[in-house]
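> what's the 3D shape of this:
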Amino acid sequence: MRAERKELEATDAVEARGEAAAPDRGPEPAPFRPEDVVPFFRLDLRVARGASPGLFEVSDPASGKSFTLYEFELAVARMLDG
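Model (predicted):
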């Protein structure tokens, strides 16, 4: 009960200052552990330069889905060697 009251007081204080309250984003994901397995970057994915410099289109020929990655995201994905 006290925790709820403190939370309400904090929200009221933020609103009184005219600031937006932080949205509730739900529970935090569990942090990675050393024994967690990192998946391989799939070799069947097709990578092509995107519309802008530094962007790449990654497509899955099996599903027909595609998505865009920045150059640094693609570099990190390729480093995931399991």
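> local confidence estimate at residue 60?
Listed pLDDT for residue 60 reads 93.
> name the next helix or strand downstream of the helix or strand of the chain with the lowest mean pLDDT, please.
Lowest by mean pLDDT, DSSP states H and E among the helices and strands of the chain is helix 2-16, with a mean of 57. Next along the chain after helix 2-16, taking DSSP states H and E as the criterion, comes strand 46-49.
> so where's this structure shaky on pLDDT?
Counting by pLDDT under 70, the ranges of the chain that qualify are 1-23, 38, 81-82.
> quick one: contacts for residue 62?
Contacts for residue 62 (C-beta atoms under 8 Å, 6 or more residues apart in numbering) come out as residue 44. Every C-beta, even on glycine, is put in place using the N, C-alpha and C of the backbone.
> redo that, cut-off 6 Å
Contacts for residue 62 (C-beta atoms under 6 Å, 6 or more residues apart in numbering) come out as none.
> sec struct for it, please.
What DSSP: H, G, I helix; E, B strand; the rest coil gives for residue 62 is coil.
> how much space separates it from residue 41?
Applying C-beta to C-beta, to the nearest Å, the value for residue 62 to residue 41 is 15 Å.
> neighbours around residue 68, how many?
Using other C-beta atoms under 10 Å, residue 68 has 13 neighbouring residues.
> element containing it, please.
Per DSSP H and E: residue 68 is located in strand 66-70.
> adjacent strands (with direction) for that strand?
In the sheet, strand 66-70 lines up against strand 55-59 (antiparallel) (DSSP bridges).
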